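# curious how this folds, go ahead:
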Amino acid sequence: MPRTSLAIALAACSFQLPTSDATTVSIQLTPTGDFKPWDGRELKPGRWHIDQAVASAVIARFAARKNPRVLDYEHQTLLKEKNGQPAPAGGWITGLEWREGQGLFGTVELTARARKAINDGEYKFVSPVFSYDQATGDVLDVRMAALTNEPGIDGMEPLALQAAATALFSDDEEPPMNKLLLAVCTALALSATATTEDQAIAALDAHFKADPLADIRKTLGVDAKADATAICTAITARGTAEVDPAKFVPVSVVESLKTDLAALTAKVQGADVDALVSAGLADGRLLKAQEEWARGLGKKDLAALSAYLDTAAPIAALTRTQTDGKQPVVDTANGLTADELAVCSATAVDPKDFAAAKAA
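Prediction:
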């Protein structure tokens, strides 16, 4: 997304030049923290700002460019198109360095003329030109610097530099985008970088000219120019139209079928539960005390009951009685049951004679 608050500024602070016979010198370009113009010009963010984190981005952006930045005389590079005078270089900024507690420094290769002018006292200060974010005041990029004796130039406000349209500023920095254009592109899902203002205006005009009711009219089968009243009438007519009995089943029939199906399902499942529980009780896979539990499980989950009975081991002792179905002997002396003793009593037959007759 293009940066929307870019501005170019001449620094209003001055940094004294070091005198040296060396060709390469280190020159301070900014202080650390917040700093303001000395000449009272009004800044949108209220102040400029640079710290180690901001400086790291500035240094990285500077290092990404192949060509060094110019150090000229009295910002003539910015004024040459206006006054027609040449803008010779006094040196070249080849690198940047952050010094904690001091600020941003530039490594500068001075020309012989500039080195002599500095050592002779003809120039005392350096004034940097940098871009900055109008919202935060953060320094973004060092553009150039100038040898000067008055670093703050009267009347030179941000975004009013004559050289802003020259090749000097035609780098890979994306131009500011109109905030309204950006909002339109976002709302209409247009490319923010590939859409021109004319294209955005045309798209916005088409958007508001489009008929939002066209699809509704088509669906309802009404005239393409039908107004809101006609559309509402068509919708109401659809809602009260007579239902074709050949295509639709009454809701009452559906509900009745659902009830019958539920009853039939319960009946079939109940029969299956009875069969499983009876079989389990008969062969000893279920205890009598488990019958109620087994029936409840079968009603909820017939498959679970079936799986339980498939794995349960039958208890043989539960499948027969101790007398194998015969009545127990009551008269142990003669081997007669209770029923046989009752017969003897009723017929006045001696139990011994009954037992002997029974044996014969």
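
# got the CA coordinates for stretch 211-229 in PDB?
Once side chains and other backbone atoms are set aside, the C-alpha atoms of stretch 211-229 remain, and they are given as PDB (Å, rounded to 0.1, in the frame of the first residue of the first chain):
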ATOM      1  CA  ASP A 211     -30.200  -1.000 -10.700                       C
ATOM      2  CA  PRO A 212     -30.100  -3.100  -7.400                       C
ATOM      3  CA  LEU A 213     -33.600  -4.400  -8.100                       C
ATOM      4  CA  ALA A 214     -32.900  -5.800 -11.500                       C
ATOM      5  CA  ASP A 215     -32.200  -9.400 -10.200                       C
ATOM      6  CA  ILE A 216     -35.400  -9.300  -8.100                       C
ATOM      7  CA  ARG A 217     -37.600  -8.200 -11.100                       C
ATOM      8  CA  LYS A 218     -36.100 -11.000 -13.200                       C
ATOM      9  CA  THR A 219     -36.800 -13.600 -10.500                       C
ATOM     10  CA  LEU A 220     -40.400 -12.500 -10.100                       C
ATOM     11  CA  GLY A 221     -40.900 -12.300 -13.800                       C
ATOM     12  CA  VAL A 222     -42.200  -8.700 -13.700                       C
ATOM     13  CA  ASP A 223     -41.400  -5.900 -16.200                       C
ATOM     14  CA  ALA A 224     -37.900  -4.600 -16.200                       C
ATOM     15  CA  LYS A 225     -39.100  -1.100 -15.200                       C
ATOM     16  CA  ALA A 226     -41.500  -2.300 -12.500                       C
ATOM     17  CA  ASP A 227     -41.500   0.000  -9.500                       C
ATOM     18  CA  ALA A 228     -41.400  -0.900  -5.800                       C
ATOM     19  CA  THR A 229     -45.200  -1.200  -5.600                       C
END
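
# ok, residues contacting that stretch?
For stretch 211-229, the surrounding residues in contact (Cβ atoms under 8 Å, 6 or more residues apart in numbering) are A230, I231, A234, I235, R238. Backbone N, C-alpha and C define where each C-beta goes, glycine included.

# what is the mean pLDDT for that stretch?
The average pLDDT for stretch 211-229 rounds to 77.

# swap in stretch 236-244?
66.

# could you do stretch 334-350 as well?
81.

# show me where the stretch 101-250 of the chain has helices.
Counting by DSSP state H, counting those that start in this stretch, the stretch 101-250 of the chain forms helices over residues 112-119, 179-187, 197-209, 214-220, 228-240, given from the N-terminal end onward.

# which one of these is the most hemmed in?
Using mean count of other Cβ atoms under 10 Å, the stretch among the helices of the stretch 101-250 of the chain with the largest mean neighbour count is helix 112-119, at a mean of 16.

# show me what that helix is packed up against.
Under the contact definition 3 or more Cβ pairs under 8 Å, 6 or more residues apart in numbering; DSSP states H and E, helix 112-119 sits against strand 89-99, strand 139-148.

# if we go to 10 Å?
Under the contact criterion of 3 or more Cβ pairs under 10 Å, 6 or more residues apart in numbering; DSSP states H and E, helix 112-119 touches strand 24-30, strand 69-73, strand 89-99, strand 103-110, strand 139-148.

# show me which of the contacts of stretch 211-229 is closest to I201.
For I201, the nearest member of these is I231. The distance, counting by Cβ to Cβ, is 30.8 Å.

# okay, now A135: neighbour count?
The number of residues packed around A135, counting by other Cβ atoms under 10 Å, is 11.
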